[in-house]
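Enquirer: got a predicted structure plus its sequence, pasted below:
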Amino acid sequence: MATRFKPGAAAFTKDGRRYIVDEVVDGTVYCVSSAGAETEFAENQLLTEAEWSAKTGGPQGMVYSRLKQAACYAPVRSRLLDRSSAERLLQRAETLFPGLLDFAAFCTAIRVIT
């Protein structure tokens, strides 16, 4: 049976995780992550490198998807923050120091990428 995945090729999950294909047997793809964890997927759950880059818009889209998944951008689960107070604080910060929020977002993105 012909398969889209060859041993040693990259395979991507729908959420962007990258794996290296070890073997394909009867529609099951056995993979290894960059951390060395072994896992298996049904062949229809994975995308080839060409399919993934077409879906995300190439390497630039892959970086953006990784940024969106970073813990720095996760919702805060604290009861200490009041939404209206936080929005007022951000508006005042932008008024006092134009570009401050853009700089903070830029620094956060650099930390996530590295």
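Expert: Everything's here; your move.

Enquirer: any idea how the chain splits into domains?
Expert: Domain segmentation of the chain under automatic domain parsing yields 1-55, 70-114.

Enquirer: just put those in JSON lines and tack on distance to V63 and mean pLDDT.
Expert: C-beta here means a position set from N, CA and C on the backbone, and glycine is covered the same way. As requested, those are exported to JSON lines (distance: least, Cβ to Cβ, whole Å; pLDDT from 0 to 100):
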{"stretch": "domain 1-55", "distance to V63": "10", "mean pLDDT": "87"}
{"stretch": "domain 70-114", "distance to V63": "7", "mean pLDDT": "81"}
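
Enquirer: name the stretch among those that sits most buried.
Expert: domain 1-55 (a mean of 14; mean count of other Cβ atoms under 10 Å).

Enquirer: show me what contacts R17?
Expert: Residues in contact with R17 (Cβ atoms under 8 Å, 6 or more residues apart in numbering) are S33.

Enquirer: from V112, how far off is it?
Expert: 16 Å (Cβ to Cβ, to the nearest Å).

Enquirer: chain center to stretch 100-114, what's the gap?
Expert: The chain centroid and the centroid of stretch 100-114 are separated by 16 Å under Cα atoms, centre = their mean, to the nearest Å.

Enquirer: which residues in the chain form helices?
Expert: With DSSP state H as the criterion, the chain has helices at 49-56, 59-68, 83-96, 100-113.

Enquirer: could you dump these into CSV with distance to R4 added?
Expert: Output for the helices of the chain, formatted as CSV (distance: least, Cβ to Cβ, whole Å):
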stretch, distance to R4
helix 49-56, 8
helix 59-68, 19
helix 83-96, 46
helix 100-113, 29
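
Enquirer: quick one, which of those is nearest to T13?
Expert: Closest to T13 of the helices of the chain is helix 49-56 (Cβ to Cβ; 9.3 Å).
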